[in-house]
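Asker: got a predicted structure here, sequence first:
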Amino acid sequence: MSVFTPLDRPTLEAFLAPYGLGRLRDFRGIAEGSENTNYFVSLEGGEFVLTLVERGPAADLPFFIQLLDVLHEADLPVPYALRTEAGDGLRMLKGKPALLQPRLPGKHERSPNAHHCQEVGSLLAGIHLATRDQIIERPSDRGLAWMLEQGPQLAAELPEAANAMLHKALDEIDALVKRNPRLPSANLHADLFRDNVMFDGPHLSGVIDFYNACSGWMLYDLAITVNDWCSRDDGSLEEHRARTLLSAYAAKRRFTPLEVELWPIMLRIACVRFWLSRLIAAKAFAGQDVLIHDPAEFEHRLAQRQQVALALPMSL
Ligand SMILES: Nc1ncnc2c1ncn2[C@@H]1O[C@H](COP(=O)(O)OP(=O)(O)O)[C@@H](O)[C@H]1O
Ligand SMILES: N[C@@H](CCOP(=O)(O)O)C(=O)O
């Protein structure tokens, strides 16, 4: 379970009253998720999700609220902070920052096919197009500098072969940082995994969990997404799904030659990012009743990305 903050009905009713959405019908904690406490909340005025933010700097919350407003205004299927009748979107509940959002329909797709990947590629391009001309600056707290800082210590705790592979990837990241390439930027979801997207039948109906969102290279966001949506169990890329996702993205935004050149390394960097964060989480939450993702999944994906045969499509 990942309901870190239990709520009783009177507390919740008092919190919800200022939204003017009618009486509370029902509520229940959501077991999925690993960072925050989430509740499904049923009110006379509709179905909602209440999030209590458990971790991370509260100072960043206005960024998330502003970004989701921009994406919502661009007609993308994202949650956004509902405002109370007094206009407040970000409030406190049991000492935690709390947001009420619309509940998006649909369910997660664990075994995506090419159609799902097409929808995801198109959606990701939509996020980038909606923000690239008005980027809201927020450096990722798990960016390249973080990888270079955390990587060596975590590598030292790994078996020899994994240690060597991680070091090789860190060297590549270090060289890229020094090169400082001018890749096109936008606001990124930066965690567009299968468990952050919902489908209502074949239709992509929701994208959630923007708590890793940041400003940065669009190519990096694409690599994160392809690594999760288009990998086989052994970590290798499933070419048909990957080509479909990339073509759907490219139909909305043309890649630059520099992006085409750096695509293979970006796929590897995106593996390192989640390999490291999963190693950290596995240590921090060992033995606790918290959802822990397997770090080895990204070790296998990185091993499979040493040579990348899949080029980015160049034409629109
Ligand atoms: N706006 C929403 N609409 C529908 N379901 C949601 C919404 N927000 C969260 N959920 C559900 O709650 C679960 C956990 O949310 P998530 O944001 O991934 O949590 P965490 O930040 O703890 O990882 C999701 O898998 C999804 O099922
Ligand atoms: N989708 C990620 C979890 C989110 O990353 P984090 O750095 O916020 O823990 C995964 O599957 O590892």
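Answerer: Noted; the coordinates are in hand. Ligands and ions are numbered 1, 2, ... in the order given.
Asker: which SSE is the residue nearest to residue 107 when sequence neighbours are not counted in?
Answerer: Among residues not flanking residue 107 along the chain, residue 198 sits closest, at 6.0 Å (CB to CB, 6 or more residues apart in numbering). Yep, even glycine has a C-beta here, placed from its N, CA and C like the rest. Element membership for residue 198 (DSSP states H and E) is strand 197-200.
Asker: may I see the buried residues of stretch 285-301?
Answerer: 295, 297, 298, 299, 300, 301 (16 or more other CB atoms under 10 Å).
Asker: go on, stretch 95-111?
Answerer: For stretch 95-111, the buried set under the neighbour-count rule, 16+ other CB under 10 Å, comprises 96, 97, 98, 99, 100, 101, 102, 104, 109.
Asker: mind listing the strands for the protein?
Answerer: Taking DSSP state E, the strands of the chain run over residues 24-29, 37-43, 46-52, 91-93, 96-102, 185-188, 197-200, 203-207, 214-217.
Asker: confidence score at the residue of the chain found nearest ligand 1?
Answerer: Closest to ligand 1 within the chain is residue 33: 2.7 Å, counting by CB to the nearest ligand atom. pLDDT recorded at residue 33 is 70.
Asker: tell me the phi and psi of it?
Answerer: Dihedral pair for residue 33: phi 100, psi 150, per degrees, to the nearest 10.
Asker: and the pLDDT at the residue nearest to residue 286 when sequence neighbours are not counted?
Answerer: Using CB to CB, 6+ apart and skipping the chain neighbours, the partner closest in space to residue 286 is residue 292 (7.8 Å). Residue 292 is assigned a pLDDT of 85 by the prediction.
Asker: quick one, phi/psi of residue 292?
Answerer: For residue 292, the backbone dihedrals (degrees, to the nearest 10) come out as phi -120, psi 130.
Asker: do I have it right that it meets residue 285?
Answerer: Yes: Residue 292 is within contact range of residue 285, at 5.5 Å (criterion: CB atoms under 8 Å).
Asker: tally of neighbours for the nearest residue to residue 270 once chain neighbours are set aside?
Answerer: Counting by CB to CB, 6+ apart, residue 223 is the residue found nearest to residue 270 once chain neighbours are left out, at 3.9 Å. Counted with other CB atoms under 10 Å, residues neighbouring residue 223 total 23.
Asker: confidence score at residue 223?
Answerer: 98.
Asker: leaving out chain neighbours, which residue sits closest to the closest residue to ligand 2 within the stretch 201-316 of the chain?
Answerer: Of all residues in the stretch 201-316 of the chain, residue 277 sits closest to ligand 2, at 3.7 Å by CB to the nearest ligand atom. By the measure of CB to CB, 6+ apart, the closest residue to residue 277 outside its immediate chain neighbours is residue 142, 6.1 Å from it.
Asker: residue 46 too?
Answerer: That would be residue 21: by CB to CB, 6+ apart, it lies 6.7 Å from residue 46.
Asker: and whichever residue of the stretch 101-250 of the chain sits closest to ligand 2, how many neighbours?
Answerer: Taking CB to the nearest ligand atom, ligand 2 has its nearest neighbour within the stretch 101-250 of the chain at residue 193, 4.3 Å off. Applying other CB under 10 Å, we find 17 other residues in the vicinity of residue 193.
Asker: list the contacts of it.
Answerer: Counting by CB atoms under 8 Å, 6 or more residues apart in numbering, residue 193 touches 224, 228, 229.
Asker: where do the helices of the stretch 1-150 of the chain begin and end?
Answerer: Here the stretch 1-150 of the chain has its helices, by DSSP state H, counting those that start in this stretch, at 9-16, 61-73, 114-131, 144-156.
Asker: write out the residues of the stretch 201-316 of the chain neighbouring ligand 1.
Answerer: 206, 208, 209, 211 (CB under 6 Å from any ligand atom).
Asker: farthest pair within those residues?
Answerer: Greatest spatial distance in these: 206 and 211, 15.3 Å, computed using CB to CB.
Asker: neighbour count: those two, which is higher?
Answerer: Using other CB under 10 Å, the more surrounded residue of residue 206 and residue 211 is residue 206, with 21 against 18.
Asker: do you know the pLDDT at the nearest residue to the more buried one once chain neighbours are set aside?
Answerer: Once flanking residues are discounted, residue 206 sits nearest to residue 104: 3.1 Å by CB to CB, 6+ apart. Looking at residue 104, its pLDDT stands at 97.
Asker: much appreciated, bye for now.
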